[in-house]
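J.: got a predicted structure plus its sequence, pasted below:
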Amino acid sequence: MERSRVLLEAARIIREQREEIATLETINNGKSIFEARVDIDISWQCLEYYAGLAGSLAGEHIQLPGGSFGYTRREPLGVCAGIGAWNYPFQVACWKAAPALACGNAMVFKPSPFTPLTVVRLAEIFTEAGVPKGLFNVVQGGAATGQFLCHHPDVAKISFTGSVPTGIKIMGMAAKGIKPVTLELGGKSPLIIFSDCALENAVNGALMANFLTQGEVCCNGTRVFVERKILDVFTKEVVKRTQKIKIGDPLLEDTRMGALINRPHLDRVQGFIKQAKEQGAEVLCGGDLYVPDDPKLKNGYYMQPCVLGNCTDDMTCVKEEIFGPVMSILPFDTEEEVVERANNTKFGLAGGVFTRDIQKAHRVVAALKAGMCFINNYNISPVELPFGGYKASGFGRENGRAAMEYYSQLKTVCVEMGDVESVF
Ligand SMILES: NC(=O)c1ccc[n+]([C@@H]2O[C@H](COP(=O)([O-])OP(=O)(O)OC[C@H]3O[C@@H](n4cnc5c(N)ncnc54)[C@H](O)[C@@H]3O)[C@@H](O)[C@H]2O)c1
């Protein structure tokens with residue numbers, strides 16, 4: 001209950017300073033202030049949720065013959081290392097810190113060197129809220145700092161959010177110290193639009209699945225499979241809506257798409273579009289750099305959100321995670337076919353389906369090999385629901401009750417109520 005009170009106080013301070021933290025996050029990452037506010041809201045909700053669970057940590061009592069019994073205790077792991085990506089800096093830190101602290105661990109958090117700011121504010125807030133000194137720590141740095149944390153003998157667990165190649169290295173380092181890891185890695189998720197969907201919802205869903213945070217979202221549904229019967233009407237509407245997305249200064253109220261994280265990443269995203277064209281995809285809209293009118297923004301890393309048509313499953317833009325505002329549209333004819341194609345990927349983070357047929361919706365998500373599935377919506381993240389991947393998208397879960405298992409360990413105590421019967 002003491003941990004719970006401290007987490008609730010931290011949540012209260014975040015709510016109170018929402019505007020200031022959201023502004024800092026926009027400066028940190030380049031996403032629109034509109035979205036940064038949503039991230040901050042999800043962050044304090046996460047702290048409140050784990051504050052609620054902190055007092056519920058408990059074991060089991062198991063009866064044994066002759067009045068003997070056993071019981072289990074949920075104990076903290078110790079010092080947990082959190083290593084974060086740059087796309088949701090404050091939120092990722094809260095998703096890791098809240099269950100870690102609720103379970104009684106300490107955390108050393110390393111943000112991405114591209115977004116060092118807001119997690120420092122989080123550490124200050126924790127201190128103000130009454131978290132004991134040294135329990136939540138921030139270290140800045142890049143790969144070398146991350147490696148140091150993973151190898152450190154006092155670190156008991158590593159929770160990592162980032163790319164698959166780094167995830168592989170993290171798991172290798174953790175293996176050397178036999179440390180448990182949570183890996184939240186990349187994705188190339190399918191979004192399946194059946195012809196019996198509510199079209200406007202499906203269009204909204206496809207935009208939500210592709211263009212939040214400049215498309216730099218791990219669970220994005222970037223392979224949009226559309227039943228051929230509605231391909232034209234759906235595509236036309238998606239293109240029309242994509243062209244209307246307001247790009248520009250992320251601190252302006254009406255901006256809905258800010259700047260990508262840095263120049264190399266922008267070049268990389270542009271490279272994927274160039275390659276898509278070479279491989280036969282058609283750019284239906286966007287894809288070019290965007291230069292805002294405001295002269296002080298002219299060197300910003302802005303681009304126009306892009307919709308690709310004429311895509312096939314073997315194209316690079318359909319197989320690889322682009323991590324930018326690029327949607328690929330792929331027609332399909334039957335349920336069986338689309339499920340097979342949707343699962344034909346090394347990733348398994350998320351998936352979505354739009355249909356009015358409730359049986360079909362449940363049948364399809366049951367067949368999807370992905371950890372986070374959506375029916376008739378996409379990319380909402382209630383903290384009550386566990387989140388994490390299948391296959392190369394990683395393992396372990398954040399959020400929901402499930403995360404408590406990944407930040408605690410089980411001790412079994414066997415109690416003898418009779419005499420010891422020795423076999424010797
Ligand atoms: N599944 C999820 O929840 C989730 C959420 C956000 C982002 N992501 C993924 O993250 C990726 C983009 O983020 P990124 O470019 O920051 O990823 P990244 O793998 O380059 O870096 C992630 C973090 O790891 C650190 N790091 C890099 N090399 C390291 C090493 N050798 N040892 C230890 N730490 C090291 C970085 O400094 C950074 O803090 C995308 O693939 C995206 O899908 C996944």
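T.: That came through fine.
J.: OK, contacts around the residue in the chain that the ligand sits nearest to?
T.: Per CB to the nearest ligand atom, G146 is where the chain lies closest to the ligand, at 2.2 Å. For the C-beta atoms, the positions are set from N, CA and C on the backbone; glycine is no exception. G146 sits next to 83, 110, 166, 170 when contact means CB atoms under 8 Å, 6 or more residues apart in numbering.
J.: which ones, among these, also lie beside the ligand?
T.: Residues of the contacts of G146 in contact with the ligand (CB under 6 Å from any ligand atom): 83, 110, 166, 170.
J.: wait, the second one touches N137, no?
T.: No: checked against CB atoms under 8 Å, the pair K110 and N137 is beyond contact range at 9.6 Å.
J.: more neighbours, these two?
T.: Neighbours per residue (other CB atoms under 10 Å) separate K110 from N137, with K110 holding more: 24 against 16.
J.: separation between that one and W44?
T.: As judged by CB to CB, to the nearest Å, K110 and W44 stand 22 Å apart.
J.: okay, buried residues for the helix or strand in which A123 is found please.
T.: Element membership for A123 (DSSP states H and E) is helix 118-129. By 16 or more other CB atoms under 10 Å, the buried positions in helix 118-129 come out as 118-119, 121-123, 125-126, 129.
J.: what's the strand or helix carrying L101 packed up against?
T.: Element membership for L101 (DSSP H and E) is helix 89-102. Where contact means 3 or more CB pairs under 8 Å, 6 or more residues apart in numbering; DSSP states H and E, helix 89-102 is packed against helix 2-16, helix 18-29, helix 33-54, strand 79-83, strand 106-110, helix 118-129, strand 155-161, helix 402-406.
J.: ok, the most centrally placed residue in the chain - contacts?
T.: For the chain, C218 is the residue whose C-alpha lies nearest the centre (CA atoms, centre = their mean; 5.6 Å). Shown in contact with C218 (CB under 8 Å, 6+ apart): 85, 87, 161, 184-187, 349, 393.
J.: swap in 6 Å and give it another go.
T.: C218 sits next to 186-187 when contact means CB atoms under 6 Å, 6 or more residues apart in numbering.
J.: how is it assigned, secondary-structure-wise?
T.: Following DSSP: H, G, I helix; E, B strand; the rest coil, C218 is assigned to coil.
J.: related to what we said a few turns ago, taking helix 2-16 as reference, get the angle to the helix holding A123.
T.: Compare the direction of helix 118-129 with that of helix 2-16 by axes from the mean of the first three to the mean of the last three CA atoms, to 10 degrees and you get 120 degrees.
J.: do helix 118-129 and the ligand come into contact?
T.: No: applying CB under 6 Å from any ligand atom, one finds helix 118-129 out of contact with the ligand, separated by at least 10.5 Å.
J.: so how far is that helix from its chain's centroid?
T.: Centroid separation for helix 118-129 versus its chain: 21 Å, with CA atoms, centre = their mean, to the nearest Å.
J.: average pLDDT for the next helix or strand after that helix, rounded please.
T.: The element immediately downstream of helix 118-129 (helix or strand, assigned by DSSP H and E) is strand 136-138. Mean pLDDT, computed over strand 136-138, is 98.
J.: likewise stretch 297-312?
T.: 97.
J.: buried ones in that stretch?
T.: Residues of stretch 297-312 classed as buried: 300-311 (neighbour count, 16+ other CB under 10 Å).
J.: what is the most widely separated pair among those residues?
T.: Spanning the widest gap among the buried residues of stretch 297-312 are G300 and N310, at 30.3 Å by CB to CB.
J.: the stretch 51-200 of the chain against the ligand: which residues are in contact?
T.: 83-87, 110, 112-113, 142-143, 146-147, 150, 161-163, 166, 169-170, 184-187.
J.: in ChimeraX, how would I select the buried members of those?
T.: Buried residues among those (16+ other CB under 10 Å), as a ChimeraX selection:
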select :83,84,85,86,87,110,112,146,150,161,162,166,169,170,184,185,186,187
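J.: about what we covered before: now the angle from the helix holding A123 to helix 33-54?
T.: For helix 118-129 against helix 33-54, the angle by the same axes, to 10 degrees is 40 degrees.
J.: circling back to that earlier point, any chance of the helices and strands packed on helix 89-102 in CSV with mean pLDDT as columns?
T.: Shown next, in CSV, are the helices and strands packed on helix 89-102 (pLDDT from 0 to 100):
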stretch, mean pLDDT
helix 2-16, 98
helix 18-29, 98
helix 33-54, 98
strand 79-83, 98
strand 106-110, 98
helix 118-129, 98
strand 155-161, 98
helix 402-406, 97
